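S.K.: let me see the structure of the following:
(one chain, ligands or ions: 1)
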Amino acid sequence: MGNVAVLGVQWGDEGKGKIVDFLAQDAQWVVRYQGGTNAGHTVIVKGKKYILHLIPSGILHPGKRCIIGNGVVVDPPELLREIEELQREGIEVDDRLFLSETAHLIMPYHKKLDALSEKLKGKRQIGTTLRGIGPAYSDKMARTGLRVHDLLRPERLKERLEETLKVKNLIIKEFFGEEGYSFQELYQDALAWGEALQPYVCNTVHLMKKVIQQKDPVLFEGAQGALLDIDHGTYPFVTSSNTTVGSIFTGLGIPPGHIHRVMGISKAYTTRVGGGPFPTELKGEEGQCLRDRGGEYGATTGRPRRCGWLDLVALKHAAWLNGLTELTITKLDVLDTLKEIKICVAYDIEGELTEEMPADLDTFSKAKPVYKTFSGWEGTVKGATQWKDLPLQARSYLEYIEDALHIPIRIVSTGPDREETIIR
Ligand code: IMP
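M.R.: Okay, here's the model as predicted:
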């Protein structure tokens, strides 16, 4: 199968977990390269539901090996909890999970600062997952972050934690008027995390080099989606990492040329959690219908997701940014009961029609969707496994998307289970 990247091309929650799990059957390695515990990949295997935040979902396939690359921000107690949970289910993790020694850490003060700064923003809240993602990546860029290998070196850990905690405590206590952290407690916790994580820590850049040179098939598992990209998304209502394809190279330390397929994952409609503009949002009954039928509540936070029609303008933007070679459409069955289905084909911005997504948020906020309407299908696509079994209207809907994007749809997901999938 070569090396395949699986990337969200909307605002996250596209159902990447299921597709990664599905494609993992043909891969030897499943690797993550950006994001952190803000991701929540739900995978259902034989009726059992797994939600993974940090460990690549390939871990659910016996024998596959997984890497958490340097570009990921790692919350040590959360990672340890995930490892323990898998082990409790009888899933082997030792010798199958490799953690980059240079991945940055999400520390408890990052989570606190995430919550405090959200509160401070009041109405302009981003609606983050409160997992400390922004503060952890900020420290990385400010060169004040702690990394996985610091946990394994007590002297260095002491020095760096002391230095950084002084500043964090000052901000937490003096600016926010909240309780700070005790150095001794945090230091002891961090040493314990290091001890527990040590068996998994290695130089994943060297490991990836070997994997690529051996031509082992690799699956690159993206988190979040293109419209949440720190540079190319709807800033500031975005996450703090690059969620588009370039992040694979920096987040794992591999040169270009080793990704043979770039698979974009999109729902058959659109969802978004948190704040920020969303031109095709359906606020009334129709939106609620999609939310109910699609079970649109966050895997990480349980928050109800905002729902709306598919936005082809945004999708084209994501397709270009990622160089998509193919597309997967998920949750087609959610549209089963609808009489009419709409796709946004252009934006009307103060009377001007455009098919390009504006970069400026004020302009984007004014975008009114121009729709093309499709008739729904009578019947259900739930559980379909063959393209030919799809109702004509469902096929027309999908064919319109591929023609507009000039990208073939290779996979259609027709239900949450691994088997409820059409491969073309
Ligand atoms: P953060 O990544 O927690 O800082 O959150 C920033 C924005 O990205 C918020 O709107 C979140 O709801 C959104 N976000 C972060 N991770 C995900 C995800 O995995 N799925 C969907 N939205 C996400």
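
S.K.: how about the helices in the stretch 251-400 of the chain?
M.R.: 285-294, 312-322, 361-365, 392-405 (DSSP state H, counting those that start in this stretch).

S.K.: any part of the third one near the ligand?
M.R.: To tie it back to what came earlier, the one meant is helix 361-365. No. On the criterion Cβ under 6 Å from any ligand atom, helix 361-365 is out of touch with the ligand, staying 13.5 Å away. Where C-beta positions appear, they are placed from N, C-alpha and C, glycine not excepted.

S.K.: so what does the helix or strand harbouring residue 410 touch, helix or strand wise?
M.R.: Element membership for residue 410, per DSSP states H and E: strand 409-413. Helices and strands touching strand 409-413, by 3 or more Cβ pairs under 8 Å, 6 or more residues apart in numbering; DSSP states H and E, are helix 16-23, strand 326-330, helix 392-405, strand 421-423.

S.K.: just list whatever residues bridge to the nearest residue to residue 96 once chain neighbours are set aside.
M.R.: Counting by Cβ to Cβ, 6 or more residues apart in numbering, residue 96 lies nearest to residue 65, which is 5.0 Å off, once chain neighbours are set aside. Residues in a beta bridge with residue 65, per DSSP bridges, are residue 29.

S.K.: and for residue 65, the neighbour number?
M.R.: By other Cβ atoms under 10 Å, the residues close to residue 65 number 21.

S.K.: who are the contact partners of it?
M.R.: Residue 65 sits next to 28-30, 58, 95-98 when contact means Cβ atoms under 8 Å, 6 or more residues apart in numbering.

S.K.: switch the cut-off to 10 Å
M.R.: Applying Cβ atoms under 10 Å, 6 or more residues apart in numbering to residue 65 gives the contacts 27-31, 56, 58-59, 95-98, 207, 211, 216, 218.

S.K.: of the residues you listed, which is the nearest to residue 360?
M.R.: residue 31 (34.4 Å; Cβ to Cβ).

S.K.: could you measure the closest one against residue 238, distance?
M.R.: Distance of residue 31 to residue 238, computed by Cβ to Cβ, to the nearest Å: 23 Å.

S.K.: and the two? Which one has more around it.
M.R.: It is residue 31, of residue 31 and residue 238, that has more neighbours when counted by other Cβ under 10 Å, with 29 against 22.

S.K.: hang on, the more buried one in a strand?
M.R.: Yes. Under DSSP: H, G, I helix; E, B strand; the rest coil, residue 31 falls within a strand.

S.K.: how near is it to residue 298?
M.R.: 24 Å.

S.K.: do the same with residue 146
M.R.: In terms of Cβ to Cβ, residue 146 sits 28 Å off from residue 298.

S.K.: can you list the domain ranges for this structure.
M.R.: 4-95+204-423, 104-198 (automatic domain parsing).

S.K.: ranges for the strands of the stretch 101-250 of the chain?
M.R.: Per DSSP state E, counting those that start in this stretch, the stretch 101-250 of the chain carries strands over the ranges 104-105, 201-202, 218-225.

S.K.: out of the ones you listed, which gets nearest to residue 22?
M.R.: strand 218-225 (10.1 Å).

S.K.: tell me what angle the closest one forms with helix 16-23.
M.R.: With axes from the mean of the first three to the mean of the last three Cα atoms, to 10 degrees applied, the angle from strand 218-225 to helix 16-23 works out at 170 degrees.

S.K.: is it correct that residue 318 is in contact with residue 224?
M.R.: No. Using Cβ atoms under 10 Å, residue 318 makes no contact with residue 224, being 11.7 Å away.

S.K.: among these two, which residue is more densely surrounded?
M.R.: Each of residue 318 and residue 224 has its neighbours counted (other Cβ under 10 Å); residue 224 has more, 30 against 26.

S.K.: what residues are up against the more buried one?
M.R.: With Cβ under 10 Å, 6+ apart, residue 224 has these contacts: 7-8, 10-14, 16, 34-35, 38-39, 129, 133, 230, 233, 238-244.

S.K.: return only those of those found close to the ligand.
M.R.: Contacts with the ligand within the contacts of residue 224, counted by Cβ under 6 Å from any ligand atom: 11-13, 38-39, 129, 133, 239-240.

S.K.: the longest strand in this structure is where?
M.R.: The residue-count maximum for a strand in the chain (DSSP state E) belongs to strand 340-349.

S.K.: packed most tightly, which of the strands of the stretch 101-250 of the chain would that be?
M.R.: The highest mean neighbour count among these, using mean count of other Cβ atoms under 10 Å, belongs to strand 218-225: a mean of 30.

S.K.: do that one and the ligand meet?
M.R.: Yes. Strand 218-225 lies within reach of the ligand by Cβ under 6 Å from any ligand atom, at 223-224.

S.K.: what's the average pLDDT for that strand?
M.R.: For strand 218-225, mean pLDDT rounds to 97.

S.K.: now do it and helix 312-322, the angle between them.
M.R.: Relative orientation of strand 218-225 versus helix 312-322 (the same axes, to 10 degrees): 140 degrees.

S.K.: now for the residue in the stretch 201-350 of the chain positioned nearest to the ligand, how many residues are close by?
M.R.: Closest contact between the stretch 201-350 of the chain and the ligand, by Cβ to the nearest ligand atom, is at residue 274 (2.3 Å). Counted with other Cβ under 10 Å, residues neighbouring residue 274 total 21.

S.K.: equivalent analysis for the one 4 residues further on, please.
M.R.: Residue 278 is surrounded by 23 other residues when neighbours are defined as other Cβ under 10 Å.

S.K.: list the contacts of the nearest residue to it once chain neighbours are set aside.
M.R.: The shortest distance from residue 278 to any non-neighbouring residue, by Cβ to Cβ, 6+ apart, is to residue 272 (4.9 Å). By Cβ under 10 Å, 6+ apart, residue 272 lies in contact with 10-13, 127, 225, 227-228, 234, 237, 278, 280-281, 296, 305-308.

S.K.: ok, now with 6 Å
M.R.: Residues in contact with residue 272, defined by Cβ atoms under 6 Å, 6 or more residues apart in numbering, are 11, 278, 306.

S.K.: tell me the buried residues in the helix or strand of the chain with the lowest mean pLDDT?
M.R.: Within the chain, no helix or strand scores below strand 41-45, which has a mean of 77 by mean pLDDT, DSSP states H and E. By neighbour count on 16 or more other Cβ atoms under 10 Å, the buried set for strand 41-45 is 41-44.
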